[in-house]
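Peer 1: Got a sequence here, can you model it:
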Amino acid sequence: MSSAEAATGTGKLLPLLRQRIRRDGPLRLDAYLRLCLSHPEHGYWHTAPAIGAGGDFITAPEISQAFGEIIGLWAAATWQRLGQPTAMRLIELGPGRGTLMHDGLRAAALVPKFLAAVSVHLIEISPALRQQQRQRLASLATPAITWHATLTDVPAGPAIVIGNEFLDALPIRQLVFAADGAWRERTVELNAEAGLQFGLGEVVAFQGQPPPRPGDVAEIRSGEDELLEVLQRRQQPLLALFIDYGPAELGYGDSLQAVRRHAYVDPLSHPGEADLTAHVQFAAFANKARAAGFVTHGPMPQAEFFGRLGMAERAARLMAASPAWAQQIETGVQRLLAPSGMGGRFKVLIVRSPQLATPEPFAQCA
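Peer 2: Numbers count the residues shown, from 1 in each chain. Next up, the predicted model:
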């Protein structure tokens with residue numbers, strides 16, 4: 001991974017990173033990522049427009065309204081399978097511009113009792129994105145919508161949790177299997193020109209599977225552990241739907257990536273000005289969820305998940321109702337379902353309380 005661009009990086013966060021590294025020494029990778037993404041003044045999520053054609057990347061809800069509509073109808077059907085509780089929390093982690101929730105609630109209006117039972121809780125730290133979400137959701141009369149900085153702030157009660165491209169944004173650590181046969185912490189340090197570069201820090205006790213070779217990179221996601229602990233503490237029955245990209249099986253690899261203005265850049269080159277993510281290790285996350293007492297389903301390819309829930313049929317109805325937009329609707333849905341593209345690269349994992357019934361479409365596979 002190169003740091004050639006990093007010496008020329010600009011922005012208000014870079015001087016602060018230099019100052020901290022000079023004072024405290026090299027940063028562990030997860031500390032660097034937290035500062036870049038969440039610094040209260042200069043972090044990416046506090047300053048960047050991020051999502052959409054004028055931002056840095058585009059997400060599935062922005063590609064087709066059918067994405068959010070299917071999730072909204074799935075949530076209503078899941079509520080019915082849970083016994084139609086009269087006070088249900090519908091929680092979205094990192095709701096972007098509010099597009100998924102807007103389309104989902106609009107579609108879920110087909111089940112009025114569901115809308116009457118749910119309160120919506122959006123977990124968002126970005127003031128700029130909160131404002132976009134409020135504007136996007138302002139046209140919806142019901143249900144009540146509340147914003148929170150953390151999931152722990154959501155009131156107790158049965159819950160359906162939605163996390164679309166949320167797990168990939170959680171900070172990670174990276175361990176590198178060095179030539180001396182030890183795992184060493186990957187760090188961010190200063191080079192001779194006061195730019196940022198990667199380095200190797202202390203030896204870390206870590207048992208990797210399969211047996212590693214020199215140069216292998218293991219990624220550790222403590223943010224997933226924290227999320228599962230919060231879900232576990234809620235105690236009331238819950239079901240969480242996660243949609244993200246990454247491998248289904250365990251393995252090694254450096255998956256850290258940075259996107260700026262719809263192009264990949266060096267992760268060290270624009271601190272605080274680029275979206276930083278890493279691939280989700282679905283098998284590892286599912287193992288941790290089961291160890292925390294949950295039942296898991298998946299991962300299932302996005303194409304199969306939405307195919308079983310009728311996305312193609314939904315798109316056909318939208319095309320018939322809006323012939324002028326038919327080509328755009330078809331193109332968007334094809335992009336989401338293409339097995340060689342997003343349909344295969346993105347996967348769906350469900351985590352649920354053990355007393356709950358198997359949700360769709362996994363119930364179809366039982």
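Peer 1: outside of the helix or strand where Gly223 lies, which residues touch it?
Peer 2: Applying DSSP states H and E as the criterion places Gly223 in helix 222-234. By CB atoms under 8 Å, 6 or more residues apart in numbering, the list of residues contacting helix 222-234 from outside reads 30, 150-152, 156, 159, 161, 167, 170-173, 238, 240, 284-285, 288-289, 292-294, 351. In this view, the C-beta of every residue, glycine as well, is placed from N, C-alpha and C.
Peer 1: out of those, which are inside strands?
Peer 2: Residues of those located in strands (DSSP state E): Ala159, Val161, Arg173, Leu238, Ala240, Val351.
Peer 1: ok, so of those, who is nearest Arg22?
Peer 2: Taking CB to CB as the measure, Arg22 lies nearest Arg173 of the ones in strands among the contacts of helix 222-234, at 22.1 Å.
Peer 1: what about the stretch 1-150 of the chain, any weak spots by pLDDT?
Peer 2: 1-10, 48-57 (pLDDT under 70).
Peer 1: now the strands for it?
Peer 2: For the stretch 1-150 of the chain, the strands defined by DSSP state E, counting those that start in this stretch occupy 27-28, 88-93, 118-123, 145-148.
Peer 1: nearest to Arg308, of those strands?
Peer 2: Per CB to CB, nearest to Arg308 of those: strand 88-93, 21.6 Å.
Peer 1: a markdown table please, covering the strands of the stretch 1-150 of the chain and showing distance to Ser139 and mean neighbour count.
Peer 2: Listed next are the strands of the stretch 1-150 of the chain as a markdown table, based on distance: least, CB to CB, whole Å; neighbours: other CB atoms under 10 Å:
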| stretch | distance to Ser139 | mean neighbour count |
| --- | --- | --- |
| strand 27-28 | 43 | 18 |
| strand 88-93 | 17 | 23 |
| strand 118-123 | 14 | 22 |
| strand 145-148 | 12 | 16 |
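Peer 1: could those strands be laid out in TSV, adding distance to Leu137?
Peer 2: Shown next, in TSV, are these (distance: least, CB to CB, whole Å):
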stretch	distance to Leu137
strand 27-28	37
strand 88-93	11
strand 118-123	8
strand 145-148	6
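Peer 1: closest to Ile71 out of those strands?
Peer 2: Across the strands of the stretch 1-150 of the chain, closest to Ile71 is strand 88-93 (CB to CB), at 9.5 Å.
Peer 1: Packing partners of that closest one?
Peer 2: In terms of contacts (3 or more CB pairs under 8 Å, 6 or more residues apart in numbering; DSSP states H and E), strand 88-93 is packed against strand 118-123, strand 159-164.
Peer 1: any chance of those in TSV, with distance to Pro85 too?
Peer 2: Output for these, formatted as TSV (distance: least, CB to CB, whole Å):
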stretch	distance to Pro85
strand 118-123	9
strand 159-164	10
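Peer 1: nearest to Arg345, of those?
Peer 2: strand 159-164 (14.0 Å).
Peer 1: gap between Ile71 and Leu175?
Peer 2: From Ile71 across to Leu175, the span is 35 Å (CB to CB, to the nearest Å).
Peer 1: No more questions from me, cheers.
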